[in-house]
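Student: Here's my sequence, what's the structure:
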Amino acid sequence: MDLSLPSALRDDKRLHSEVSPTTPLSPMTAGEFRALLHEAVQEAVQEQLDPLCKRQDGIEQSINAKQSVADSLQSEVAIVRQELERVKESHSNLQERAITLECQSRRNNLRFAGIEEPSQHGEDLSDCEKKIRSFQVETLELDPETVEKIK
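Tutor: Now for the predicted structure:
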């Protein structure tokens, strides 16, 4: 901390004149002294405040720049979240479609073991279908109306 006299006091000739027995001192009134002291204190405070104000300005600029970056990142995060939701929805739709296609494929590919195919004994395809429907009703105990609806 600089303890030197502020310029208002340094420049005042009455305070720094060579004091000698022959040099008369000009008297300073109390009001003049208060004004001079007030000016000196203001100058000293201002000298101390100027660097702090500059530092504060720099800090404020830095904070504003960081806030701008944070705002930009928040908007990017919002965009990424929207895209993620869109991708999740698309993924869900694709999973449903895959399950549906797999179920349809399995439904169309039922295999019954132990029933001879028509090509082996000269039977036609309708005889094989009758055997399977009979198996579903008699062995699996499915409703005959339900069995008839199966294609």
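Student: Quick check, central residue of this structure?
Tutor: The C-alpha lying nearest the average C-alpha coordinate of the chain belongs to residue 77 (CA atoms, centre = their mean; 4.1 Å).
Student: how far does the helix or strand containing that residue sit from the chain's center?
Tutor: Residue 77 belongs to helix 30-107 when elements are defined using DSSP states H and E. What separates the centre of helix 30-107 from the centre of its chain is 10 Å, taken as CA atoms, centre = their mean, to the nearest Å.
Student: Would you quantify the distance from the residue nearest to the centre of the chain to residue 70?
Tutor: Look at residue 77 and residue 70: by CB to CB, to the nearest Å, they are 10 Å apart. For every residue, glycine as well, the C-beta is placed using N, CA and C.
Student: now residue 103
Tutor: According to CB to CB, residue 103 stands 49 Å off from residue 70.
Student: By mean pLDDT, flag the weakest helix or strand of this structure.
Tutor: Least confident helix or strand of the chain, by mean pLDDT, DSSP states H and E, is helix 13-16 with a mean of 53.
Student: so what does the helix holding residue 77 touch, helix or strand wise?
Tutor: Contacts defined by 3 or more CB pairs under 8 Å, 6 or more residues apart in numbering; DSSP states H and E place helix 30-107 against helix 7-10.
Student: per-residue confidence averaged over the helix it packs on?
Tutor: Here helix 7-10 scores 58 as its mean pLDDT.
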